[in-house]
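In: Structure of the sequence below:
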Amino acid sequence: RSAEMAHFLTMALASNNSTAAYSSKNASKRRPFRPAIMVSALKTWATQEKNGLKDFAVAQCKVAVVLAVAHFGNTWEPSYPRNDNHNPSMFWLVNGLLAVATFMTWTWKASSAGRSGGGSPRVIMLGREQTEEWKGWMQWAFIFYHYYRVYYVYNEIRVFVSAYVWMTGFGNFLYFDKKADFSVERFVSMILRINYFPLLLSLFLTVPLELYYVVPLHTTGFVVTMITCYLGYQMEHKLGWSYWKSRTFAMGMSLLAHVLFYETPAVNFLLLFSKEYHFRFQSDKYSAWMGMACGLLWGKIGEYMQWAHGFENDQRRRIASVVQFSVGVGLIAFWYCLFGHIQDKFAYNPVHPYVFVFAVIGFLLVRNSTRYLTECHSSVLEFLGRHTLETYVLQFHLFMSHNVQFIPIIIPGADANGSATIRFCNMLLCGSVFLTMAVWARKITVATQMSVVDLVKNLRGTVDTSITAVVPQQTGEGNQLSDGKEEEVVELTKLEGGMVNDISSKSID
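Out: Numbers count the residues shown, from 1 in each chain. Next up, the predicted model:
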């Protein structure tokens, strides 16, 4: 019997190639649609101890509380018009406080070895923690730009928004290119993660979804990236094309589709929804595509980082750091001197979709200009970065009120003519409630998402009960997916399954 079991295990492992418990291959082996089977699947999901009907129902009860608090905050009185809160000095003060918090929570973790556990430690550009950090400080600036009405940083904020959409294309490209997971489960998971809470807020508070314009931008970016990657995957595996030929073709077709829509009268189709969507989508018409393009080249960039900042040649590392830093500063200066300094937003907006990427690439070069910088991140900024979707939508109703048009007054005397100290304390109090609700909303969203994805798996018969469920997943340097962190599977713009640590070997060939 032991010999038979050993043979069974060997065959099971071989047939699954030692992969994770669930893969896109398993998705194709779904059960046929039969009412009795569907009912059975629903009963199974309803009785699950984890991620079943109970967890789903509890999450919906919790989100009702968050929605009620959001409604209460959005209609709060007394309040005063947000335009009366114009205060650039306070904007820079709170950013200075964030800089102090960043310094106090600065964390260093030495580069670790590759997946094989041997060889030189790997130098990782834009690891998961650093990406969350990046999202965190941009979100901080974005929110206080709204709060303190600092008009002259408009162009920089536009770059931040585009950087978020860039990350959507970049992160999802790396995920699909590595995992080839084009399953219904993956699609449902991401659509829920991006849209679930914003849609509920929009419906419950009766506000137009265009107020949360970043949400449809991210959703569209995800869908376009998924289609592009699927096309490249099919060209490689169905037609036998090489990796680079198939991906270049897919990227070219995606770019052609973008041009045919955004550079022709077809873009006026967006006016059927609203003028706001027409403007916002054109402002980021190529952002996700540029992110995909960077994702395609990321393997080569990783090779450069290892060569330039590795452990083999100290002199080369010093020279590379100086050159990389200088080039990064030069790109940022190029963007600012030619475009970013333009104070008339109506003159800047038309060129923004084509030039913002200079500032983004410049920042990445500076932020990763030494091996030490690639190994460090701020934990407080990382925390803020994990909750960007929730802080983005709730800022309009809890940190500010009346759909972002007013500033709530919680402490008496914190009106537009009140003392700076009282108004600052009022801001801190509103901010505490706002951030607490955002953190809670994220947990609720993830719980809902995981429950619904499990329901879809049950209905489609893709819940894995085979022997491969006990096969451990190979992991990278903390960025690979793990069973203990399943909620990270669907984090917005994250590079699931190995952020940048484990680029597909095909992209390095």
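
In: where along the stretch 401-509 of the chain do the strands fall?
Out: With strands called from DSSP state E, counting those that start in this stretch, the stretch 401-509 of the chain shows them at 406-408.

In: now the chain
Out: Under the criterion DSSP state E, the chain contains strands at 79-81, 106-108, 376-378, 406-408.

In: closest to Cys61 out of those strands?
Out: strand 406-408 (26.1 Å; C-beta to C-beta). Every C-beta, even on glycine, is put in place using the N, C-alpha and C of the backbone.

In: Could you list the low-pLDDT ranges of the chain?
Out: Along the chain, segments meeting pLDDT under 70 span 1-33, 113-119, 464-509.

In: in it, which helix has the most residues?
Out: Using DSSP state H to assign secondary structure, the helix with the most residues in the chain is helix 420-460.

In: just checking, what packs against that one?
Out: When contacts are defined as 3 or more C-beta pairs under 8 Å, 6 or more residues apart in numbering; DSSP states H and E, helix 420-460 packs onto helix 35-46, helix 53-74, helix 184-204, helix 388-394.

In: sorry, back to before: the strands of the chain: which one's closest to Leu270?
Out: Among the strands of the chain, strand 406-408 sits nearest to Leu270 (C-beta to C-beta), with 29.0 Å.

In: Pull the residues that contact the closest one.
Out: With contact meaning C-beta atoms under 8 Å, 6 or more residues apart in numbering, strand 406-408 is reached by 73, 76, 78-82, 84-85, 147, 400-401, 416, 426, 430.

In: and the residues you listed, which are buried?
Out: Buried by 16 or more other C-beta atoms under 10 Å: Gly73, Trp76, Ser79, Tyr80, Arg82, Asn85, Tyr147, Met400, Ser401, Asn426, Cys430, out of those.

In: And the furthest pair within those residues?
Out: That would be Gly73 and Asn85, which, of these, are the farthest apart (C-beta to C-beta) at 16.3 Å.

In: how close does the closest residue to Gly73 other than its chain neighbours sit to Ala441?
Out: The shortest distance from Gly73 to any non-neighbouring residue, by C-beta to C-beta, 6 or more residues apart in numbering, is to Leu398 (4.2 Å). For Leu398, the distance to Ala441 equals 10 Å [C-beta to C-beta, to the nearest Å].

In: Over to Trp134?
Out: 22 Å.

In: of these two, who's got more company?
Out: A direct count of neighbours by other C-beta atoms under 10 Å for Trp134 and Ala441 places Ala441 higher, at 26 against 23.

In: Just give the closest residue to that one, not the sequence neighbours.
Out: Glu390 (4.4 Å).

In: Now do the same contact list for the one you found.
Out: Contacts of Glu390 (C-beta under 8 Å, 6+ apart): Phe197, Met437, Ala438, Val439, Ala441, Arg442, Thr445.

In: what's around the last one, how many residues?
Out: What that stands for is Thr445. Thr445 has 26 neighbouring residues, counting by other C-beta under 10 Å.

In: and what of the second one?
Out: Here the number of neighbours of Met437 (other C-beta under 10 Å) works out to 22.

In: How about the third one?
Out: Neighbourhood size, Ala438 [other C-beta under 10 Å]: 23.

In: Now do the same contact list for the closest residue to Tyr354 other than its chain neighbours.
Out: Once flanking residues are discounted, Tyr354 sits nearest to Tyr286: 7.2 Å by C-beta to C-beta, 6+ apart. Residues in contact with Tyr286 (C-beta under 8 Å, 6+ apart) are His258, Tyr262, Pro353, Tyr354.
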